[in-house]
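Q: Using only what follows, build the 3D model:
(2 chains)
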2 protein chains.
Amino acid sequence: MFIGVDVGGTHMRAALVDDRGRILHRRKAPTSIFLGPGQAAERLILECRSLMDRAQELGGKVAAVGLGVAGKIDRREGRILFSPNLASMKGYLLAPQVEESLGLPVVMENDANVFGIGESLRGAGLGIRNWIGLTLGTGVGGCLILEGRLWSGDDLGFVGEIGHMIVSPEGPPCVCGLQGCLEAHASGRALREGVEAAIAEGRLTGGGLYERRREGGLTAESVSELAKRGDPLAQSLFDRMGWALGLALANLFTALGIRHAIIGGGVSAGWDLFVGPLRESLAKHSRMLDASEAVVLRSRLGDDAALLGAAWLARHGLAGKYQGRR
Amino acid sequence: MFIGVDVGGTHMRAALVDDRGRILHRRKAPTSIFLGPGQAAERLILECRSLMDRAQELGGKVAAVGLGVAGKIDRREGRILFSPNLASMKGYLLAPQVEESLGLPVVMENDANVFGIGESLRGAGLGIRNWIGLTLGTGVGGCLILEGRLWSGDDLGFVGEIGHMIVSPEGPPCVCGLQGCLEAHASGRALREGVEAAIAEGRLTGGGLYERRREGGLTAESVSELAKRGDPLAQSLFDRMGWALGLALANLFTALGIRHAIIGGGVSAGWDLFVGPLRESLAKHSRMLDASEAVVLRSRLGDDAALLGAAWLARHGLAGKYQGRR
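A: This is a model prediction of the structure:
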């Protein structure tokens, strides 16, 4: 059996997966990155231990752990180099820490890349040769599947970081330090910060979003919920999300000469709220590709994509570098 | 022997190339696309005939012709589907026309793609596994060399159309019909139109650029010449070009996880005028890649890159689809 873990900016998810790629058990915990990298790593180790116990109960044994982690990473060292959404993890040797504590081999990859592996193997990417993957969560992750394999570029520790492509140079500030990134328009954080900005600028002085924020319960989910109920600010934030996603995909389709994208991540639960503006923006910003040829799909596996991808990696990628399907 | 032709928005260039890739003779003529596609094709055929005569004088014979053409093309049919800079060629069956007139096999590719082949084989791309190619001419062409081969995407008739990535959604109009494309900031046409706009808006009422325009002699070269002499508007247009190129490359490096680019095309003669702003913009807009790791090179072959690439294609690509180096 294998453990796949997806470490995001808000939650960490872990799954026990058998050697046929079936998920036997799932766990979810807050990442609580504000408590520091050591605490987050401890929690991650705890979740893995609990899955190891579960494996034993089932009469099995965990052979390896695959970690999908948001940010730029050094795969060989197992170190996090830079992560806008796990900022305090910068420089942290996460994989060796987990490896030592659990006594199991650990491989580490970017979280959106393991999403790409999972969707390729069992999800919406099955049978699509070239596609762009996006995960909408606290931040926006990305991956590229080219010729059926996870594209790894020049092995610089990052690849497919589509969330940090700039879609609007004068746009909102991004947590990465740049301005106008896709992530600053299309992430869970962007939804929350859009509400904060409206309050700070005096554009929002009451109503559901205002109350949620006042009560400290302002989350991406609450923005989504209010958008569905017709709240104009919440809807405008999802419109902006769709606009930015459509523009980024148009740019990438134009540059790569491809036409498929798959979108997952927790915030993609608001699909119906942003897919209209997305398709409109994609058509408006594409000149080389006929809009009718573009195919934008929703993740078929949801949260399981990254878990399955990470577990697959634990099984197949133990050389320390994911090689993909041949 | 082989003929390679580069059909751009302003000029067409043709070369006679021997089977070892040496250029034996070059020709250059205006494309004069305003006279219609038939006239441009006739001129192209005339240039090829003259090179066939030249081959005979040298005791050789032309075996095939390779065409590099700006725009979206149907390689199998040899048709131009859409070309912002050869607008009247839309729908034109250029390759069959040339083939029939000359009685020689003809292959057609995008002009920036043949540039990529040429620079890969003999130029600045030699030995670089992954790189982005840009050609600055009347428009901005682009290509991607991935894993040492010309990337062809989903074979949609366009690929690497980096000139039509949108760098600034509120930016200047592009000849393709979109707004804020890289091409609208970084092409020969953008330089000219930048001057036109300044005159139309009353920001430019005299001086060298104004006079050139009045005399009908406003070209990208004249803007470059005046920028070198310190003309502030001309300099600002090259600053804008560098800014847009740096932003587009930053976005692509971020998405592709690579770090090399090669820039060619006639307008890249103004290298010293835009490379400073380009590097500054690239550093400013990159968050995943350390700016010190980015390598932006100037084409080593100049106009010959596309000619060599087109001739190489004539020799190796007769199956109708460029397969690249293995």
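
Q: use CA for all of it now, contacts and neighbours both
A: Noted.

Q: can you give me the helices for the stretch 1-150 of chain A?
A: Remark: helices assigned in the stretch 1-150 of chain A by DSSP state H, counting those that start in this stretch are A:37-57, A:94-102, A:111-122.

Q: Nearest approach to chain B belongs to which of those?
A: When the helices of the stretch 1-150 of chain A are compared by Cα to the nearest Cα, helix A:111-122 sits nearest chain B, at 12.3 Å.

Q: Next, format the helices of the stretch 1-150 of chain A as CSV and append distance to chain B, mean pLDDT and mean neighbour count.
A: Shown next, in CSV, are these (distance: least, Cα to the nearest Cα, whole Å; pLDDT from 0 to 100; neighbours: other Cα atoms under 10 Å in any protein chain shown):
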stretch, distance to chain B, mean pLDDT, mean neighbour count
helix A:37-57, 20, 96, 18
helix A:94-102, 19, 95, 18
helix A:111-122, 12, 96, 28
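
Q: so what's residue A:245 up against?
A: A:182, A:186, A:278, A:281, A:282 (Cα atoms under 8 Å, 6 or more residues apart in numbering or on different chains).

Q: Check residue A:323 and give its pLDDT.
A: pLDDT for residue A:323: 35.

Q: Check residue A:134 too.
A: We note a pLDDT of 98 for residue A:134 in this prediction.

Q: and it, what does it touch?
A: Counted by Cα under 8 Å, 6+ apart, residue A:134 has contacts A:112, A:140, A:141, A:142, A:143, A:162, A:261, A:262, A:263, A:264, A:265.

Q: hang on, the earlier thing: of the contacts of residue A:245, which belong to helices?
A: A:186, A:278, A:281, A:282 (DSSP state H).

Q: and the gap between the third one and residue A:251?
A: Relative to residue A:251, residue A:281 is positioned 11 Å away (Cα to Cα, to the nearest Å).

Q: Which one of the two is surrounded by more residues?
A: Neighbours were counted for residue A:281 and for residue A:251 using other Cα atoms under 10 Å in any protein chain shown; residue A:251 has more, 29 against 23.

Q: Remind me which helix or strand the more buried one belongs to.
A: helix A:232-256 (DSSP states H and E).

Q: Return the set of buried residues in that helix.
A: By 16 or more other Cα atoms under 10 Å in any protein chain shown, the buried positions in helix A:232-256 come out as A:233-256.

Q: Equivalent analysis for stretch A:155-166, please.
A: A:156, A:157, A:158, A:159, A:160, A:161, A:162, A:163, A:164, A:165, A:166.

Q: How about stretch A:176-188?
A: Going by 16+ other Cα under 10 Å, stretch A:176-188 has these buried residues: A:176, A:178, A:179, A:180, A:181, A:182, A:183, A:184, A:185, A:186, A:187, A:188.

Q: got the contact list for it?
A: A:83-84, A:136-140, A:162-175, A:190-191, A:219-220, A:238, A:240-242, A:244-245, A:248, A:267, B:284-285, B:287.

Q: about what we covered before: as CSV, the ones in helices among the contacts of residue A:245 with pLDDT would be great.
A: Below are these laid out as CSV (pLDDT from 0 to 100):
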residue, pLDDT
A:186, 98
A:278, 98
A:281, 98
A:282, 98
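
Q: Pick the one among the residues you listed closest to residue B:203.
A: residue A:281 (33.2 Å; Cα to Cα).

Q: For the residue nearest to the closest one when sequence neighbours are not counted, which residues are in contact?
A: Excluding its sequence neighbours, the residue lying closest to residue A:281 (Cα to Cα, 6 or more residues apart in numbering or on different chains) is residue A:246, at 4.7 Å. By Cα under 8 Å, 6+ apart, the contact list for residue A:246 reads A:277, A:278, A:279, A:280, A:281, A:282, A:283, A:285.

Q: So which residues on chain A come close to chain B?
A: A:72, A:82, A:130, A:142, A:144, A:152-162, A:164-169, A:176-178, A:247, A:250-252, A:254-259, A:284-285, A:287-289 (Cα under 8 Å from any Cα of the partner chain).

Q: what's the spacing between residue A:309 and chain B?
A: Distance, residue A:309 to chain B, using Cα to the nearest Cα, to the nearest Å: 20 Å.

Q: which residues does the closest residue to that residue other than its chain neighbours contact?
A: With Cα to Cα, 6+ apart as the criterion, residue A:309 has its nearest non-adjacent residue at 4.0 Å, and that residue is residue A:118. Contact analysis of residue A:118 by Cα under 8 Å, 6+ apart lists A:301, A:304, A:305, A:306, A:307, A:308, A:309, A:310, A:312.

Q: now do 10 Å
A: Contact analysis of residue A:118 by Cα atoms under 10 Å, 6 or more residues apart in numbering or on different chains lists A:21, A:112, A:124-126, A:299-313.

Q: A ChimeraX selection for these, restricted to the buried ones, would help me check which they are.
A: Entered in ChimeraX, the line below selects the buried ones among the contacts of residue A:118, by 16+ other Cα under 10 Å:
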select /A:21,112,124,125,299,300,301,302,303,304,305,306,307,308,309,310,311,312,313
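
Q: I figured residue A:262 was touching residue A:132, is that so?
A: Yes. Look at residue A:262 against residue A:132 with Cα atoms under 10 Å: they come within range, at 6.3 Å.

Q: So those two - more neighbours on which side?
A: Shown here are residue A:262 and residue A:132; by other Cα under 10 Å, residue A:132 has more neighbours (25 against 22).

Q: Tell me which residues touch the more buried one, please.
A: A:116, A:125, A:142-146, A:160, A:162, A:249, A:252-253, A:256, A:258-263, A:296, B:255.

Q: Quickly note the distance from the residue nearest in space to the middle of chain A to residue A:203.
A: The C-alpha lying nearest the average C-alpha coordinate of chain A belongs to residue A:135 (Cα atoms, centre = their mean; 3.8 Å). Relative to residue A:203, residue A:135 is positioned 30 Å away (Cα to Cα).

Q: and if you look at residue A:133?
A: For residue A:133, the distance to residue A:203 - Cα to Cα - is 34 Å.

Q: Neighbour count for the two, which is higher?
A: For residue A:133 versus residue A:203, the count of surrounding residues by other Cα under 10 Å is larger for residue A:133: 30 against 11.

Q: Nearest to residue B:42 among the contacts of residue A:134?
A: Out of the contacts of residue A:134, the member with the shortest distance to residue B:42 (by Cα to Cα) is residue A:261, at 42.3 Å.

Q: looking at this, the closest one is in a strand?
A: Yes. Assessed with DSSP: H, G, I helix; E, B strand; the rest coil, residue A:261 lies in a strand.

Q: So it is in contact with residue A:253, correct?
A: Yes. Judged on Cα under 10 Å, residue A:261 makes contact with residue A:253 at a distance of 9.1 Å.

Q: where do the contact lists of those two overlap?
A: A:131, A:132, A:294.

Q: Residue ranges in chain A under the pLDDT threshold?
A: A:318-326 (pLDDT under 70).

Q: okay but residue A:162 is in contact with residue A:140, surely?
A: Yes. If you go by Cα under 10 Å, residue A:162 and residue A:140 touch, sitting 7.5 Å apart.

Q: need the contact list for residue A:122.
A: With Cα under 10 Å, 6+ apart, residue A:122 has these contacts: A:21, A:300, A:301, A:305, A:308, A:309.

Q: My guess is the first one contacts residue A:2. True?
A: Yes. Applying Cα under 10 Å, one finds residue A:21 in contact with residue A:2, separated by 9.0 Å.

Q: which residues are in contact with both of the two?
A: Counting by Cα under 10 Å, 6+ apart, the residues touching both residue A:21 and residue A:2 are A:308, A:311, A:312, A:315.

Q: any idea which element the first one lies in?
A: It refers to residue A:308. helix A:304-316.
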